[in-house]
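>>> The sequence and its predicted three-dimensional model are supplied below.
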Amino acid sequence: MSNFDDYVAERTAAARACLTDLGCQPVLFLGSGLAQRYASGPSWAGLLEKAVALNPNLDDEFAYLLQKHGTLPALAQGLVEPYHSYAWSKAGKPNYPAELFTTDALKHDYLKYSIATIVTQHVPLDALAKCNRAHLAEIEKLKKIRPNSVITTNYDTLAEQVFPDYKPVIGQTIIRSSSAMIGEIFKIHGCISNPSSLILTSEDYDRWSEKKKYLSAKLLTFFLEHPILIVGYAAQDENVIAILRDIDEILSSNGGLVSNIFYVVHDPKIGVDSSPPREAVLDLRDGKSMRVNSIHASDLGWVYDAFAAAEGLQNVNPKLLRALVARTYDLVRHDIPKMTMEVDFQTLERAAEAEGELPRLLGITGLSDPETFNATYPFLTTTLGRRLGFPGWHGARQLLNKVALESGVDICASDNQFHISVKSGTNSFIHKYSDAAVELLSRVRDGQAYDPSIRKRVVKKNAKG
């Protein structure tokens, strides 16, 4: 086996372990590199260079304008006036829709409409139909991840084409919406379907910066409870860095590995003898950084395979899940308080108190002996971490690793009084933990003496999923 084969096996195992620990599918963080790979999508610099070339009122070259303004947002801000003048000229007016020539239109609307037009030309609504065979094979594997949700700063509609059952949530509506947080595509920089929503100029970035704390808070659950797969980013986008800074403050990683974040680096020069880095340090500015998992690959197919959903989840319709969650949210927030429908509170109370009642109420069949199983092992890794006083699963995983390192006993390697693994697919397992695990890890956390000895092995009869 080559060095790179070993690397693929190791990185795949790390991804599968993270999926198993958290018991859920990843959130995809998609950047412009994805559109550049699977369509003819431009980089941000390439997009603005095209905008400079297409405006007849601009005599200066892109390189000069970038030197003059210093940053891409500032350069875009400098294009607002020339595009406003061009749009109102006799030559330019036919190129813009009539609604942009009303008193409600803003100066930057003409630049943003032009940017949206350029993006659409590069990444049309049928972009996937024009992919080559190798890229189509990768995209099919990308689809099989069945992500919880997608976050992107891209303006194009490629994410919607890859995941047609997912609902786009665009721009500032992310902050205001009561989203289901499942089966959605969060387009945090806007979308070409609504050009005015694009985050493009320095003024846009300033306004965005004022509100990004709210966005970070909305997305925090993702970063605490899900594997995060970052694809197509150079990790230099200021808005992405701003979000990661907020997340890092909550996680308080203090230089430690944030083990649920995987940063994909596309490297076409990788060969069979390559042994790329396993970790990456993301520069968060002002002396701060975040250490995350890295995955270097030329062919992204094996990376997508590593995060693929278990067999049972492949057939789950995210549109149905999102509708169910959204309807439940509306029921609790609006219908029940306003008493606009008859409510059987006894049934709801039983569903809330009995572990197996809610699935039956929703028409979901349970295990043959769920009560005993769930009572004995009630905690997923995330809930275990919270029970121990951590914001998510990271603290619990660190304590489990400490036990293994200090005592030589990996309590997750077998089914025992602390832990049990539940099969959720052909090669996928979910880990659950008992009250005994809480007690053990509480002692480890507090620096007290502890005994991790395996005293019983569990025989699973009805615990398979």
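All right, it came through fine.
>>> helix/strand/coil for F186?
strand (DSSP: H, G, I helix; E, B strand; the rest coil).
>>> so it bridges to which residues?
For F186, the beta-bridge partners under DSSP bridges are I151, V169.
>>> ok, it to T20 distance?
25 Å (CB to CB, to the nearest Å). Yep, even glycine has a C-beta here, placed from its N, CA and C like the rest.
>>> ok now do T201, which residues does it touch?
T201 is in contact with P73, A76, Q77, V80, H108, L111, counting by CB atoms under 8 Å, 6 or more residues apart in numbering.
>>> So which bits of the helix or strand hosting F4 are buried?
Assigned by DSSP states H and E, F4 belongs to helix 3-22. Using 16 or more other CB atoms under 10 Å as the test for burial, helix 3-22 gives 4, 7-8, 11-12, 14-22.
>>> tell me the two of the residues you listed that are most distant?
Spatial extent of the buried residues of helix 3-22 (CB to CB) is set by the pair F4 and L22 at 27.2 Å.
>>> which stretches of the stretch 151-300 of the chain have low pLDDT?
By pLDDT under 70, the weakly predicted segments of the stretch 151-300 of the chain are 174-181, 235-239, 250-255.
>>> For the stretch 51-200 of the chain, which segments are assigned as helices?
Along the stretch 51-200 of the chain, counting by DSSP state H, counting those that start in this stretch, helices occupy 62-69, 72-87, 108-122, 133-143, 158-162, 173-176.
>>> Show me what the longest one is packed against.
When you say that, I think you mean helix 72-87. The elements that helix 72-87 packs onto, with contact taken as 3 or more CB pairs under 8 Å, 6 or more residues apart in numbering; DSSP states H and E, are helix 44-54, helix 62-69, helix 108-122, helix 202-225.
>>> thinking again about what came up before, could the buried residues of helix 3-22 go into JSON lines alongside pLDDT and distance to R146?
Shown next, in JSON lines, are the buried residues of helix 3-22 (pLDDT from 0 to 100; distance: CB to CB, whole Å):
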{"residue": "F4", "pLDDT": "93", "distance to R146": "27"}
{"residue": "Y7", "pLDDT": "95", "distance to R146": "25"}
{"residue": "V8", "pLDDT": "95", "distance to R146": "22"}
{"residue": "R11", "pLDDT": "95", "distance to R146": "20"}
{"residue": "T12", "pLDDT": "95", "distance to R146": "17"}
{"residue": "A14", "pLDDT": "93", "distance to R146": "20"}
{"residue": "A15", "pLDDT": "94", "distance to R146": "14"}
{"residue": "R16", "pLDDT": "92", "distance to R146": "15"}
{"residue": "A17", "pLDDT": "91", "distance to R146": "18"}
{"residue": "C18", "pLDDT": "91", "distance to R146": "16"}
{"residue": "L19", "pLDDT": "90", "distance to R146": "11"}
{"residue": "T20", "pLDDT": "86", "distance to R146": "16"}
{"residue": "D21", "pLDDT": "87", "distance to R146": "18"}
{"residue": "L22", "pLDDT": "87", "distance to R146": "15"}
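>>> Looking at these, which is nearest D299?
So of those, ranked by how close each gets to D299 (CB to CB), first place is V8, at 9.8 Å.
>>> Which helix or which strand is home to the residue nearest to that closest one when sequence neighbours are not counted?
Excluding the flanking residues, the one nearest V8 by CB to CB, 6 or more residues apart in numbering is W302, at 5.6 Å. In this assignment (DSSP H and E), W302 forms part of helix 301-306.
>>> Next, the buried residues of that helix.
For helix 301-306, by 16+ other CB under 10 Å, it's G301, W302, V303, Y304, A306.
>>> what does stretch 185-201 give?
185-193, 195, 197-201.
>>> tally of neighbours for the closest residue to T201 other than its chain neighbours?
Sequence neighbours aside, Q77 is the residue nearest to T201 in space, at 4.1 Å (criterion: CB to CB, 6+ apart). Neighbours of Q77 under the rule other CB atoms under 10 Å: 20.
>>> how near is Q77 to Y205?
From Q77 to Y205 the distance is 9 Å (CB to CB).
>>> do N132 as well
Going from N132 to Y205 by CB to CB gives 35 Å.
>>> who's more crowded, these two?
Neighbour totals were compared for N132 and Y205, and Y205 leads with 22 against 9 (other CB under 10 Å).
>>> So the more buried one sits against H189, correct?
No: at 9.8 Å, Y205 does not count as touching H189 under the criterion of CB atoms under 8 Å.
>>> which stretches of the stretch 301-450 of the chain have low pLDDT?
The stretch 301-450 of the chain contains residues with pLDDT under 70 at 310-375, 424-428.
>>> Quick one: residues contacting Q398.
G256.
>>> In what element of secondary structure is it found?
Here Q398 is assigned to helix 394-407, by DSSP H and E.
>>> Show me what the following helix or strand past that helix is packed against.
For helix 394-407, the following helix or strand on the C-terminal side (DSSP H and E) is strand 419-423. On a contact count with 3+ CB pairs under 8 Å, 6+ apart, strand 419-423 meets strand 429-433.
>>> quick one: the helix holding W302 to chain centroid distance?
Its chain's C-alpha centre and that of helix 301-306 lie 16 Å apart, by CA atoms, centre = their mean, to the nearest Å.
>>> ok so, going back, tell me the two of the buried residues of helix 301-306 that are most distant?
Every pair of the buried residues of helix 301-306 checked by CB to CB; the farthest is G301 and A306, at 9.9 Å.
>>> domains of the protein?
Following automatic domain parsing, one gets these domains for the chain: 3-38+139-319, 44-122, 377-465.
>>> ok so, going back, just the C-alpha atoms of the helix holding F4, please, in CSV.
The C-alpha trace of helix 3-22 is given here as CSV (Å, rounded to 0.1, in the frame of the first residue of the first chain):
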residue,chain,number,x,y,z
ASN,A,3,1.8,6.4,1.4
PHE,A,4,-1.2,8.1,-0.1
ASP,A,5,-3.4,5.0,0.2
ASP,A,6,-2.5,5.0,3.9
TYR,A,7,-3.4,8.7,4.1
VAL,A,8,-6.8,8.1,2.4
ALA,A,9,-7.6,5.2,4.8
GLU,A,10,-6.6,7.3,7.8
ARG,A,11,-8.5,10.4,6.8
THR,A,12,-11.6,8.3,5.9
ALA,A,13,-11.4,6.7,9.3
ALA,A,14,-11.2,10.1,11.0
ALA,A,15,-14.3,11.3,9.1
ARG,A,16,-16.3,8.2,9.9
ALA,A,17,-15.3,8.4,13.5
CYS,A,18,-16.6,12.0,13.7
LEU,A,19,-19.9,11.1,12.0
THR,A,20,-20.3,8.2,14.5
ASP,A,21,-19.4,10.3,17.6
LEU,A,22,-21.9,13.0,16.7
